[in-house]
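Trainee: predicted model and sequence below, questions to follow.
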There are 2 protein chains.
Amino acid sequence: MSNQPIIVCKFGGSSLASASQIRKAESIINANPNRRYVINSAPGKRDGGDQKITDLLYLCHEHASRGLPFEEVFSVIASRFQGIADELELQLDLSAELSAIKATIAGHGQTGQPADYAASRGEYLNGKIMAALLGWRFIDAAGVIFFNAKGDLDNQRSYDALAEKLAGQPAVIPGFYGSNPDGRIKTFSRGGSDITGSIVARALHAESYENWTDVPGLFITDPRVVPGAYSIEIITYQELRELSYSGAAVLHEDAVFPVREAGIPVRIRDTNNPEHPGTVIVPRHHPEAKKSYLITGIAGRKDFTVIQIEKPMMNKEIGFGRRVLQVLEDHEVSFEHMPSGIDTLSVVMAASQISNKLDVILQELAIAVQPESISVTDKMALLTVVGRGMAHYPGLAARALAALGQQNINVRMIDSGCSQMNLIVGVDVERFEDAVRAIYAAFVHDGETMHGY
Amino acid sequence: MSNQPIIVCKFGGSSLASASQIRKAESIINANPNRRYVINSAPGKRDGGDQKITDLLYLCHEHASRGLPFEEVFSVIASRFQGIADELELQLDLSAELSAIKATIAGHGQTGQPADYAASRGEYLNGKIMAALLGWRFIDAAGVIFFNAKGDLDNQRSYDALAEKLAGQPAVIPGFYGSNPDGRIKTFSRGGSDITGSIVARALHAESYENWTDVPGLFITDPRVVPGAYSIEIITYQELRELSYSGAAVLHEDAVFPVREAGIPVRIRDTNNPEHPGTVIVPRHHPEAKKSYLITGIAGRKDFTVIQIEKPMMNKEIGFGRRVLQVLEDHEVSFEHMPSGIDTLSVVMAASQISNKLDVILQELAIAVQPESISVTDKMALLTVVGRGMAHYPGLAARALAALGQQNINVRMIDSGCSQMNLIVGVDVERFEDAVRAIYAAFVHDGETMHGY
């Protein structure tokens, strides 16, 4: 095995939706000889009115399981794949593969394969096409990605198989699926090709894991709230988790875990704009993480509920906070924050955690801590401003809060812990979008968050 | 009983330290016919080298209890009082009173009176002088302020006795002491005349309780940190408690309780500058509380310790926070704040709470929540910015934090709960004074905190 650095590339559904998109992927792969392992999705939508192949495959399975014919749907799938192969001028006849798949979905002559089998064939067939196009090996994910009897990924068995079977020559590995101990196909949840890519990168000790998609990286904040929001240049895994937890749509947590553990950077890139550097996700101590921005991202979620408890001298009661949390635990409610004043203690939790238990919890709290008053406020949104630079630039929190003040947005809660990496503010839910825009505008100018102060 | 409003006035030791000071008190009392009940302290120091009468009285008792003569000390006391009476040109011969007191302290012919008896005689004698000067009744506190067998104030018995004996004519009531169920004298803790005044105000349903001292009210912040700090114009009881808890030297909590409960405003005034409005302490819903300032006061304490716990996915563990607090409770440690991030939870507590238990608590926390890492930071100071106006002026917290940022003071923690009445920030203990000054300068200009924005 050579010491040449390995880049594992995963291409998403929109990046492989048509022959022309696949040509873009091809030229990206060929632009860097280290890109030697490709994980592919199934063809996604080519335009707004299009269908995802995976949706059509599920539909075939549903027909078959009810004993209904699915000729028509399947022929759409078949002609899409053959059309791509032909347009790419590949000497690739998929008819035998397609017939076998159709027969298996129909349940002819095979032990019954689950819906997962049907769903996975989009990646399988697209992988065949990619391998033919690149002239690389096709490695069926069923032989390298393994689940255990409980349905969880069998990490070690998968890593070992991948390391063994992928060593040496470049290869294409279809994403999204693997196999059960009984040999039947099992998929990850939707979007699971990201996970396959991460596992492959980890197994091969890749230098980086490139995740090619149709956006130029992760956005600093939701572009539906701030149209034209810029993307993040560098983010740490820890920051990613904070943003993700706080509502940002980012990589699946299961996709982050394998590479995070191994310290492998993930690069989110745009297939349609390969010159754009996109976003790189790095470990905290990675050299790239030293390039520090004022803030990294802004995320948030609505629908939090606050229980506010007032009782003079509560500070003198040892165990007061513990008794409050005990009541919540008894009802399996997890809380987000517990800000406290001298005679007040507030517990902030997702409304969904508490909605149908609120009355009984209030009653039990009244008994447990005998407060002077107890009140409930709903419709609070929590906004999280994440930035590893916060620890180094005093005044960042001030700038964020000043931006809210200028928009006359009342801050109902502030929590900034000793991790010094984020600022969490509570605002009325109606002002949530205004608050996100105000903070974005305060920190992001001319295409990037400012460096230094 | 007339419906004329009653003002209860308490004069502190420095306000009654000499004949000339007493003349100032007299003219204050006479300036408003509603000032009909006076609580007096013992004469305090007239200048830096002077002695407080109460200290000398304790000294007499100490001599007596060891069988030593105390002629010399007592003669200083005697001549101080007779000198005041003579200088005020009162036809008041205190020699019989003084002889009786001296004999009692010496233990002649009386059932042994405690040190409290000796200590209380300064107020007793000064009360006699005040009553003679004003031409008012002298009401011995031993007959109206009662303690129960446990040594606590017998509220109802005291209120009833005060209401009955004080009704009608004006009166002078010496502060600081009352009597035990066995009739012997018992004092409050030092400074306890404030408590007597509060109890009298409460018993008489006074319109207000004036506490005359030698400073123009409560200071916005410690004048030792900010020389020339202005005094607070209006503060609510709740704000007072927050400032007091956070380290500001204000009225004794026991002195606040009776009037707070009854909603009676307390006015802290300067005997040497009676034109100065001083500070008024009012209930939250009092009309004067509506006059809102940006901030009311800044206080703080040093020597906090932070335990920071990191564990990925701690939010998914229901009961995580409760288990942390359970460990602290098992060791009878009370905490101040518990700021939390996504994967981090910090517990802030007074260093004194935890210093000698830290190792065992860390060990038990490691077992209880199995963190990825756990670290301890000491030398954090907590600064509290209190202001009922904070809820109405978004951006106040921002201004405070910006002031810290401009001085390059790193904020290690922020907690602003849903009571919206304070902002608590953690800073390095070495920057504590700088931080207080920075925030003071950001909010206080030209003699008052700004009204409005």
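Mentor: Perfect, I can see it now.

Trainee: make it CA atoms for all contacts and neighbour counts henceforth
Mentor: Will do.

Trainee: quick check: closest non-adjacent residue to residue A:74.
Mentor: Spatial nearest neighbour of residue A:74, excluding adjacent residues (CA to CA, 6 or more residues apart in numbering or on different chains): residue A:60 at 6.7 Å.

Trainee: go through stretch A:241-252 and flag the buried ones.
Mentor: A:241-248, A:251 (16 or more other CA atoms under 10 Å in any protein chain shown).

Trainee: and residue A:130, how many residues sit next to it?
Mentor: The local packing of residue A:130 (other CA atoms under 10 Å in any protein chain shown) involves 28 other residues.

Trainee: please report phi then psi for the closest residue to residue A:382 other than its chain neighbours.
Mentor: Closest residue in space to residue A:382, ignoring its immediate chain neighbours: residue A:426 at 4.6 Å, by CA to CA, 6+ apart. Dihedral pair for residue A:426: phi -100, psi 130, per degrees, to the nearest 10.

Trainee: coming back round to it: just the closest of the buried residues of stretch A:241-252 to residue B:303, please.
Mentor: residue A:242 (30.2 Å; CA to CA).

Trainee: that closest one contacts residue B:340, doesn't it?
Mentor: No. Applying CA atoms under 8 Å as the test, residue A:242 and residue B:340 come out as separate, 11.6 Å apart.

Trainee: quick one on the thing from earlier: the residue nearest to residue A:382 pairs with what?
Mentor: residue A:382, residue A:413 (DSSP bridges).

Trainee: list the contacts of whichever residue of the stretch 151-300 of chain A sits closest to chain B.
Mentor: Chain B sits closest to residue A:242 of the stretch 151-300 of chain A, with a gap of 5.9 Å, by CA to the nearest CA. Taking CA atoms under 8 Å, 6 or more residues apart in numbering or on different chains, we find residue A:242 in contact with A:384, A:386, B:341-342.

Trainee: chain B versus residue A:368, what's the distance?
Mentor: Applying CA to the nearest CA, to the nearest Å, the value for residue A:368 to chain B is 14 Å.

Trainee: just give the nearest non-adjacent residue to that residue, would you?
Mentor: residue A:323 (6.4 Å).

Trainee: again with residue A:26
Mentor: Using CA to CA, 6+ apart, the closest residue to residue A:26 is residue A:134 (7.2 Å).

Trainee: let's see the pLDDT reported for the residue nearest to residue A:284 when sequence neighbours are not counted.
Mentor: Closest residue in space to residue A:284, ignoring its immediate chain neighbours: residue A:236 at 5.5 Å, by CA to CA, 6+ apart. pLDDT recorded at residue A:236 is 91.

Trainee: how about residue A:449?
Mentor: 50.

Trainee: and residue A:376, by the same measure?
Mentor: At residue A:376, pLDDT is 92.

Trainee: pretty sure it contacts residue A:305?
Mentor: Yes. Here residue A:376 reaches residue A:305: they are 7.1 Å apart, a contact under CA under 8 Å.

Trainee: so those two - more neighbours on which side?
Mentor: A direct count of neighbours by other CA under 10 Å for residue A:376 and residue A:305 places residue A:305 higher, at 23 against 14.

Trainee: confirm that the more buried one sits in a helix.
Mentor: No. Counting by DSSP: H, G, I helix; E, B strand; the rest coil, one finds residue A:305 to be strand, located in no helix.

Trainee: which non-adjacent residue is nearest it?
Mentor: residue A:378 (4.3 Å).

Trainee: so the one you found, which state does it fall into?
Mentor: Applying three-state DSSP: residue A:378 is strand.

Trainee: so it touches residue A:352, yeah?
Mentor: No. Counting by CA under 8 Å, residue A:378 stays clear of residue A:352, with 11.1 Å between them.

Trainee: neighbour count: these two, which is higher?
Mentor: Legend: neighbour count by other CA under 10 Å for residue A:378 and residue A:352, higher for residue A:378 (18 against 12).

Trainee: how far away is the residue nearest to residue A:305 from chain B?
Mentor: 12 Å.

Trainee: now do residue A:381
Mentor: From residue A:381 to chain B the distance is 13 Å (CA to the nearest CA).

Trainee: cool, and residue A:349?
Mentor: 11 Å.

Trainee: before we move on, what about residue A:102?
Mentor: Counting by CA to the nearest CA - residue A:102 and chain B are separated by 42 Å.

Trainee: swap in residue A:129?
Mentor: 40 Å.

Trainee: so who does that residue touch?
Mentor: A:85, A:92.

Trainee: list the buried ones in the helix or strand harbouring it?
Mentor: Using DSSP states H and E, residue A:129 sits in helix A:115-134. For helix A:115-134, the neighbour count (16+ other CA under 10 Å) marks A:115-133 as buried.

Trainee: and stretch A:305-314, by the same measure?
Mentor: A:305-311, A:314.

Trainee: got it, and stretch A:172-181?
Mentor: Under 16+ other CA under 10 Å, the buried positions of stretch A:172-181 are A:172-180.

Trainee: so for it, mean pLDDT?
Mentor: In the prediction, stretch A:172-181 has an average pLDDT of 97.

Trainee: which residues touch it?
Mentor: A:37-41, A:120, A:123-124, A:126-127, A:130-131, A:136-149, A:151, A:185-197.

Trainee: among the residues you listed, which are in helices?
Mentor: A:120, A:123-124, A:126-127, A:130-131, A:193-197 (DSSP state H).

Trainee: any figure for the gap between the residue nearest to residue A:305 and residue B:315?
Mentor: 20 Å (CA to CA, to the nearest Å).

Trainee: is chain B contacted by the helix or strand harbouring residue A:437?
Mentor: Residue A:437 belongs to helix A:432-443 when assigned by DSSP H and E. No. Against chain B, helix A:432-443 shows no contacts by CA under 8 Å from any CA of the partner chain, the least distance being 12.1 Å.

Trainee: from the contact counts, what lies against that helix?
Mentor: strand A:297-310, strand A:373-386, helix A:396-406 (3 or more CA pairs under 8 Å, 6 or more residues apart in numbering or on different chains; DSSP states H and E).
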